[in-house]
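*Asks:* Predicted model, plus sequence, below.
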Amino acid sequence: MNDFLWNFKRVIFDALGLIAIFLIAVFLPPSLMSEIAKAGLLSIFMAKFIFVSAGIIHAHISRKLLWPYIDFNKNNDWTNNLMIIAWYVTIILSWSRGG
């Protein structure tokens, strides 16, 4: 339970920021943003949320299938670490940018 509370405290500000951005986009008055623009903004928000999440999941699964577990704290060979980092960046960017 202590780990959960510690992690919750770490992400609460970021989570509240995401929720605030979403709520502002939903409840913004039509005088400041038209309904069509609001729908487009929410569509982009949801699409990027799904694409980045899918990229992270795809990177996790493919990394576990292709390479053995690497403990970044104990592994002194930076070539393996850089390869894994480059893999995550490539997969996530590919999903999020649509290519």
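*Replies:* Perfect, thanks for sending it.

*Asks:* just the helices in this structure please.
*Replies:* For the chain, the helices defined by DSSP state H cover 2-27, 35-66, 78-97.

*Asks:* Can you list phi and psi of the residue in the chain sticking out farthest from the centre for me?
*Replies:* Centroid-distance maximum for the chain: residue 31 at 31.6 Å, with Cα atoms, centre = their mean. The phi/psi pair for residue 31 (degrees, to the nearest 10) reads phi -70, psi -20.

*Asks:* quick one: it and residue 37, what's the gap?
*Replies:* Distance check for residue 31 against residue 37: by Cβ to Cβ, to the nearest Å, it reads 12 Å. (Each C-beta comes from the backbone N, C-alpha and C, glycine too.)

*Asks:* and what of residue 47?
*Replies:* Counting by Cβ to Cβ - residue 47 and residue 37 are separated by 15 Å.

*Asks:* and if you look at residue 28?
*Replies:* 9 Å.

*Asks:* try residue 89
*Replies:* In terms of Cβ to Cβ, residue 89 sits 31 Å off from residue 37.

*Asks:* Of all the helices of the chain, which one comes closest to residue 72?
*Replies:* For residue 72, the closest of the helices of the chain is helix 78-97, at 5.9 Å, according to Cβ to Cβ.

*Asks:* what sits up against that closest one?
*Replies:* Under the criterion Cβ atoms under 8 Å, 6 or more residues apart in numbering, residues 48, 51-52, 54-56, 58-59, 62-63, 66-67, 70, 72, 75 lie in contact with helix 78-97.
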